[in-house]
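Asker: no FASTA, just this:
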C-alpha cells in the first residue's frame, strides 16, 4: 500500500521544494503532476524554469483539471507528486465565471470533494507514495472580492479533506517544515 503525504504552506514558503525532496528520497521513479496552466508569458516562463530545475529522470504530466484520472494512470510503484491542489481548485473555480452562478459553488464543492475522495482512495492503494502540495489560505486577510472569498473557502475545505486523508502532513513556514500531528477522528470539518 502507498502512503498519501500532504504538504501545505503559504506562497514561497518552500512547500514545493520540500515535496520534491520527499519524492526524491522515496527511492522510486517520480511522476510530477502539474496543474498550472500557462495563461500568460510570465507563467509560461515560470513553468519552463520549474520543469528545467526538476531531475531529468522525472516524468511530467500536465493535469490542470482531471487530477484523479491523471494520478490513476501512473505506474503503481512510482512516487506521484501533485503540485498543486491550489491551482487545480482555481482552474475548476474559474470555469464557473465571475461571479459564479447561484448554487454553482455548492456543486463545485461537491465535485471537488468527490474527486479528492477518489484521489485519496487511489493514492492509498497505488503502492508508491502520493505527495499532494497545496497553499494554506487560512492565515491571510478576508479577500475583498466574492470570487476570492469563494476560492479561499473551497480551497480551505479541499485542504482539510486532503490533510484528513493523508498519512502524514507538513506545514512549511519560511522554508522550515513542521510535521503536523497525526490525524484524529473529528466531526465534520466544514
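Answerer: Great, that's in hand. Being a predicted model, the structure only gives us computed values, none of them experimental.

Asker: element containing residue 152?
Answerer: According to DSSP states H and E, residue 152 maps onto helix 146-165.

Asker: mind naming the longest helix for the protein?
Answerer: The helix that spans the most residues within the chain, counting by DSSP state H, is helix 104-125.

Asker: who does the helix or strand following that one pair up with?
Answerer: As assigned by DSSP H and E, the chain's next helix or strand after helix 104-125 is strand 130-135. Strand pairing for strand 130-135, determined by DSSP bridges: strand 4-9 (parallel), strand 79-83 (parallel).

Asker: starting at the chain centroid, how far to the lowest-mean-pLDDT helix or strand in the chain?
Answerer: Sorted by mean pLDDT, DSSP states H and E, the helices and strands of the chain end with helix 41-53, the least confident at a mean of 89. Chain-centre distance of helix 41-53: 18 Å, with Cα atoms, centre = their mean, to the nearest Å.

Asker: check the secondary structure at the residue sitting furthest away from the middle of the chain for me.
Answerer: Most distant from the centre of the chain: residue 102, at 26.2 Å, with distances by Cα atoms, centre = their mean. Here residue 102 is coil, with the state taken from DSSP: H, G, I helix; E, B strand; the rest coil.

Asker: return the distance of it relative to residue 146.
Answerer: As judged by Cβ to Cβ, to the nearest Å, residue 102 and residue 146 stand 12 Å apart. (Glycine included, C-beta is placed from N, CA and C.)

Asker: separation between residue 92 and residue 67?
Answerer: According to Cβ to Cβ, residue 92 and residue 67 sit 9 Å apart.

Asker: and the two? which has more neighbours close in?
Answerer: Taking other Cβ atoms under 10 Å, residue 92 and residue 67 do not tie; residue 67 has more neighbours (23 against 20).

Asker: check contacts around that one.
Answerer: 33, 35, 82, 85, 88, 115, 119 (Cβ atoms under 8 Å, 6 or more residues apart in numbering).

Asker: please redo it, this time with the cut-off set to 6 Å
Answerer: Contacts of residue 67 were listed using Cβ atoms under 6 Å, 6 or more residues apart in numbering, and they are residue 88.

Asker: quick one, grab the pLDDT at it.
Answerer: At residue 67, the model reports a pLDDT of 94.

Asker: the one 5 residues further on now?
Answerer: Here the pLDDT value assigned to residue 72 is 94.

Asker: wait, it touches residue 121, no?
Answerer: No - contact status for residue 72 versus residue 121: not in contact, 9.9 Å apart, counting by Cβ atoms under 6 Å.
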